[in-house]
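[1] A structural model of the following input is requested.
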Amino acid sequence: MTSKSSRFITLELIRKRSEHNEGLVSTLEELALHQEELQSIGPILGRTCGKTLKILLLQNNVIERMIAKELKMFKSLEYFNLALNNIHCIEEGSLSGMEWLRKLDLTLNFIDVDCLETSVDELGQCRSLEELFLIGNPCMGLSGGGGDALPKELTASSTHMKEGWSNCRAYVVARLPNLKYLDGIEIKRSERIIASKQLPELTTQLKELARQREKERKRHLQLKKDEDGGNDEDTSSSYISEEAMTQHDPETRTKISNEAHDQKMAKIKQAEEKAIKHKGEKEWEEEHKDAVDMERARSNCGDKESLRSIKQCNQGKYNFWFDERRSESGVETLIMCVDVPKHLSTSLIDVDIHPTYVSIVIKNKILRVILPVEVVLDGAVARRSAASGNLELVMPKMNPKEIAVGLRANFQAKNDEDTVIKGRGRTQTSTKSAPTGRRREFLGRKMMDEVKGLSRSTKKVEDESVHRAREEEQQEQLGDEVPPLHC
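    Predicted structure coming up:
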């Protein structure tokens, strides 16, 4: 895997690094984009915040050129850090628009003596420039005229880079009269006077060194081309082998950057694959449709409907209950209520009513329940409550006189126990009917057991309630006072 495409500053990267400004790009004054493996600045940064940006930190990337077209919008820039990049030359017109630039850091780049004159000419366009760093460049060397300013492991990397041009500092001081600090060392008045007197001689010396350096560069490129056998492939897009020696040159730094960038992208991709992906409405609808098709296919291919062939299930663990009600037209109806989440989309609910059972698919979860009585399909209605979101199925009974299994007998017995009232030494019974809430609770919990044939307990409770009612009627007829029954 190689990184052949140029990596430049994007709007997404700018927003990511502008958290200190609440993510606002148009009013950004300071931006740090170091160690982002950038190969160029690109046009987006200047268009978005070039007019307001005052501090721009781009150190430790692999930027190769300072293109005038990309930097012309930075009118308010005061501090520009391009240390540890692959810049060979300060191109013409790249800094001419930076009227307020006070500090420029080009530490450890690759500006050599053959590009020094062009670079200094462009630096002379910055009237406000007071502080400049060129240490670590081939023209200045690693000492920079200021002693051992860098660590020993860097100073021993290259003889040519370590030495540099001994008069480079004097040449820069003479050419930039407004400069106050060079490589962190203050420029004294006496140093500037001496450098100004030596300027004609230094200019001639620089041109001779530039010609020699250009010849060496061409000879080096020819030797490298011969070693590669005339292969013109871009070697900067490949990696460095584990056994190869690394050097401080643009090609090596680019290869290291490419490898680091690809490793970073691989980690991001791996993290995205492991991250939990939340399903959207479209995905839920597709899964719901598949579940509905599977359930309908099962219903169509089945034999004649019977209690034995239907298997009840509640995959979504939804609460449900039954009730009986007489409609306005006088039709006895069986009502089934299902506790559905209030904000669930109705498109994710599918209802299929059969004479003996109901099949409901709620968000690809199946709820299949056998009805306590047989119902008529014509006139059955499915609706949702606007307040609670519950699903309500209103189904006319096949036999209006048929009572739901255990619906009245069990709750009539419970009602009899709750309606015993202690009076003045006399027992009174009330005639109020069983509460609707208790009917719901009973049928919601016991429906499965009743369908499986566990109705003996229901019959026992019914017999006890009838026997108790007969005893109470006999006592009332005799008119004798008897103590209340203890349940």
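
[2] show me the contacts for Gln39.
    Remark: with contacts taken as Cβ atoms under 8 Å, 6 or more residues apart in numbering, Gln39 is in contact with Ser6, Arg7, Phe8, Asn61, Val62, Ile63, Glu64, Thr254, Ser257. For the C-beta atoms, the positions are set from N, CA and C on the backbone; glycine is no exception.

[3] burial of the third one, as a residue count?
    By the measure other Cβ atoms under 10 Å, the count of residues near Phe8 is 17.

[4] just confirm it contacts Glu36, I think it does.
    No - using Cβ atoms under 8 Å, Phe8 is not in contact with Glu36, being 9.9 Å away.

[5] quick revisit: Thr203: which of the contacts of Gln39 is nearest?
    When the contacts of Gln39 are ranked by distance to Thr203 (Cβ to Cβ), Glu64 comes first, at 27.6 Å.

[6] I'd guessed that closest one sits against Leu82; true?
    No - distance between Glu64 and Leu82: 10.9 Å, which falls outside the contact criterion (Cβ under 8 Å).

[7] comparing the two, which residue is more hemmed in?
    For Glu64 versus Leu82, the count of surrounding residues by other Cβ under 10 Å is larger for Leu82: 24 against 18.

[8] ok, now which ones touch the more buried one?
    Counting by Cβ under 8 Å, 6+ apart, Leu82 makes contact with Leu58, Gln59, Ile63, Met66, Leu104, Asp105, Leu106, Asn109.

[9] and with 7 Å instead?
    The contact partners of Leu82, taken as Cβ atoms under 7 Å, 6 or more residues apart in numbering, are Leu58, Gln59, Ile63, Asp105, Leu106, Asn109.

[10] with Val375 instead?
    If a contact means Cβ under 7 Å, 6+ apart, then Val375 has Leu334, Pro355, Met395, Pro396, Lys397, Met398 as its contacts.

[11] report pLDDT for it.
    In the predicted model, Val375 carries a pLDDT score of 92.

[12] kindly report the same for Glu259.
    pLDDT for Glu259: 91.

[13] how about the longest helix anywhere in the chain: buried residues?
    The helix that spans the most residues within the chain, counting by DSSP state H, is helix 199-227. Residues of helix 199-227 classed as buried by neighbour count (16 or more other Cβ atoms under 10 Å): Leu202, Gln205, Leu206, Leu209, Ala210, Arg213.

[14] may I have the phi/psi pair for the nearest residue to the fourth one once chain neighbours are set aside?
    It refers to Leu209. Nearest-residue entry for Leu209: Val113, 4.5 Å, with adjacent residues in sequence omitted and distances by Cβ to Cβ, 6 or more residues apart in numbering. Main-chain dihedrals, Val113, degrees, to the nearest 10: phi -70, psi -30.

[15] quick one: Val113 from Lys197, how far?
    Val113 sits 21 Å away from Lys197, going by Cβ to Cβ, to the nearest Å.

[16] which of the two has more residues huddled nearby?
    Taking neighbours as other Cβ under 10 Å, Val113 and Lys197 compare with Val113 leading, 24 against 12.

[17] my read: the more buried one touches Gln212, true?
    No - under the contact definition of Cβ atoms under 7 Å, Val113 does not touch Gln212, with a separation of 8.5 Å.

[18] doesn't His20 lie inside a helix?
    Yes - using DSSP: H, G, I helix; E, B strand; the rest coil, the assignment for His20 is a helix.

[19] what's around it, how many residues?
    Under the neighbour criterion other Cβ under 10 Å, His20 is assigned a count of 11.

[20] give me the pLDDT value at it.
    Taken from the predicted model, the pLDDT recorded for His20 is 89.

[21] where do the helices of the stretch 51-200 of the chain begin and end?
    For the stretch 51-200 of the chain, the helices defined by DSSP state H, counting those that start in this stretch cover 68-71, 113-123, 152-155, 159-163, 168-175, 189-197, 199-227.
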